[in-house]
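1. sequence unavailable; structure follows:
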């Protein structure tokens, strides 16, 4: 598979950053080993990265990754091997797995993701069946994915402290591929089975700002190891709560937060001689999938939004109202695939990078969010994140992808810390 | 990479065996998980398999595998990932590894194997240097592999209970790729460092019959899981000691052992209606690499060997005398690649299958040992051992390779039991 051509001539601090990452590979891997010795990796995750040439940073971390169908099928054995390693650690006695997908029954691409996940788990030697939270699923229902694969979803049942299927399929491991945006379902509360990821990873309770709090710590530690300014791998952010977009409550405070953050970014741009216009992304702190997202260059843009704009910001997936947002430093993407703006998404199972792809959006600018309707995918060549090319230039694809794998694993580690910090059973 | 075409029309019990292995995949993987929970996998290993159409069995298990250079480079990420998992379990604090290769300095293909191993360990994030047991290496020496890669071997030093290099390189992990046929070197005795595999895996103390004793147990357990006759995956064997081929001491006893084993095999051939002539392989119990090996169809063939034949049997690698042999049921290989007789060799790191190849010998028959001068290699396509094709026929290549991976992992598990049973520190 050809590596998508990176059309931008990258320059400035990034080459220096990548050079440092490559040179420090043994120290980095040793550091990761000791981190994973202390912190359990989430079962799986995907990370949205942005590469601005002067900065390479995660902008989102998904603990219920869809899109496994977009990975290069040639590298499926890596995903299978990583799954075997994960199951051995988490639940070595597992024979059966209950996979709980999103409630979509008509999104044929999402169903293809589910079919791919089932395939990976089966190849790792598990029996997999699908239990649905969707109240419309009252009997086993066969659904057809975009590529013609079929998946059968069945109604979930509760019995004591276990979930099972109607015919008694009673697994020791329950894997969520449903991000629980709509709330934590009672049927999943207080289970004695292994529920992965745990309930508090669901968007009903998770906050992006909790993740980035943890990422601040991870990025600081890692930057010390590499003797770099953590800002090169970490976007600034602030949280803003008590908002009501419909009634314009909190509008002024939000605008002030945006302006303060823009000023901080501008100071860094000045320090490093970066000739770009700072911008920030405003998005729901509990949100997902590109709803309730705005890209702005000053607080002023948020004052006096029209009704359509306010409605767009006010509601995310499952019709939930937005009252808390994260104001995040925007990272320009200087990458493009066939002249369309592109951002890499890296997939991990356990703490192993198992693939990735480019999210591409022809209709969007370099400062916009690409995880939105109209995007499409280009699978990213994979051998590289594992195998840096020590003889190649820092910006050759294998080395760029090694750096992507490193930053993605930092984000995964931050998610592990976040889940520890927010675990309701830890106290 | 194309899968080598298997020219033999396979028939009879093998299809049934493969069908059972495929159908039981979830049970098999669950069983393996519980086994690896109880027994530590050797760091790495390779298994020679023979597939006779009616029988699929390991005939040798190497704990110091050479030949990593023959694996398909496309699947290197699997080897890297498996190495990461192994290092995390065995020695998570490891930063540096000292790799001790064979003493060969002129075998350019072996040096290519060493260069490949160094590459795998480096990609897994370790600093690797080579320490040699060869007394001729008195200063760092650059050696050139067949493909032009270079490796630098350095003299080994001992300091207290550690081995290190002259400039003070002092790793916490020492990896042997030297099978210690010549004896256990004093410099490696009583180390406080992690020595992998352990000293008692060296051929100076290891015995093939100890391995096959352990394999008897593993094959019996696994056959119970599958409800099959263990003979379909396990070759009969006997040990014969006190031999001196030069003075013909023990000749009669060896011939009687051979005849008894042939009679046992013939009874099985009769039971399953197999229309082949039974044969056995006589080889050094402590031997390696195709020296001191004979294929015979009756004990008579061992009586009155001429001087040349006796000399060939009497001595193995490093000029050692053979006084103990294993008499092992011969398994015909019915596989061929481009009309040459072929046998699969499967490679594992930790308990993960990471690749394999066919050993091919144009000048040899289907009942002969192929691990001998004149052989060459055909890399075996790899995605298959991980990913059985549930919709394919039992003998389609992905499914055949899944079965090969299963039998190879049984052999690896037997090696784990063997090393536990023979561990001098365990008592």
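-> Nice, thanks for sending it over. In this text the structure is predicted, and so the values were computed from the model without any measurement.
2. ok, residue A:33 touching residue B:88?
-> Yes. Counting by CB atoms under 8 Å, residue A:33 touches residue B:88, with 5.8 Å between them. To be clear about C-beta, it is placed using only N, CA and C from the backbone, and glycine gets the same treatment.
3. so how far is the first residue of stretch A:95-112 from its last?
-> 23 Å (CA to CA, to the nearest Å).
4. torsion angles phi and psi at the residue lying closest to residue A:110 once chain neighbours are set aside?
-> Leaving aside its sequence neighbours, residue A:110 sits nearest to residue A:104 (CB to CB, 6 or more residues apart in numbering or on different chains; 5.1 Å). Backbone dihedrals for residue A:104, given as degrees, to the nearest 10, come out at phi -50, psi 130.
5. neighbours of residue A:104, how many?
-> 15 (other CB atoms under 10 Å in any protein chain shown).
6. go on, residue A:334?
-> Residue A:334, neighbours per other CB under 10 Å, totals 22.
7. that one and residue A:422, how far apart?
-> Distance, residue A:334 to residue A:422, using CB to CB, to the nearest Å: 34 Å.
8. next up, the contacts around residue A:100.
-> Counting by CB atoms under 8 Å, 6 or more residues apart in numbering or on different chains, residue A:100 makes contact with A:130-133, A:156, A:174-178, A:188.
9. those residues also near chain B: which ones?
-> Applying CB under 8 Å from any CB of the partner chain, the subset of the contacts of residue A:100 adjacent to chain B is empty.
10. among those, which are in strands?
-> A:130-132, A:174-177 (DSSP state E).
11. where do the helices of the stretch 51-200 of chain A begin and end?
-> A:76-90, A:108-123 (DSSP state H, counting those that start in this stretch).
12. what helices and strands are in contact with the shortest one?
-> Spelled out, it's helix A:76-90. helix A:108-123, strand A:340-349, strand A:352-361, helix B:25-38, helix B:76-90, helix B:383-386 (3 or more CB pairs under 8 Å, 6 or more residues apart in numbering or on different chains; DSSP states H and E).
13. try it again with 7 Å
-> helix A:108-123, strand A:340-349, strand A:352-361, helix B:76-90, helix B:383-386 (3 or more CB pairs under 7 Å, 6 or more residues apart in numbering or on different chains; DSSP states H and E).
14. near chain B, anything from stretch A:63-72?
-> No. Contact of stretch A:63-72 with chain B (CB under 7 Å from any CB of the partner chain) is absent, the minimum separation being 11.4 Å.
15. gap between the longest helix along chain A and the chain center?
-> As assigned by DSSP state H, the longest helix anywhere in chain A is helix A:397-421. Here the centre of helix A:397-421 is set off from its chain's centre by 10 Å, with CA atoms, centre = their mean, to the nearest Å.
16. likewise stretch A:186-203?
-> With CA atoms, centre = their mean, you get 19 Å for stretch A:186-203.
17. just stretch A:27-35 next, same as before
-> Counting by CA atoms, centre = their mean, stretch A:27-35 comes out at 22 Å from the chain centroid.
18. what sits up against it?
-> For stretch A:27-35, the surrounding residues in contact (CB atoms under 7 Å, 6 or more residues apart in numbering or on different chains) are A:21, A:225, A:406, A:409, A:413, B:88, B:92, B:95, B:124-125.
19. now the buried members of these.
-> Buried by 16 or more other CB atoms under 10 Å in any protein chain shown: A:21, A:406, A:409, A:413, B:88, B:95, B:124-125, out of the contacts of stretch A:27-35.
20. what's the farthest-apart pair in those?
-> Maximum pairwise distance among those (CB to CB): 20.9 Å, between A:21 and B:88.
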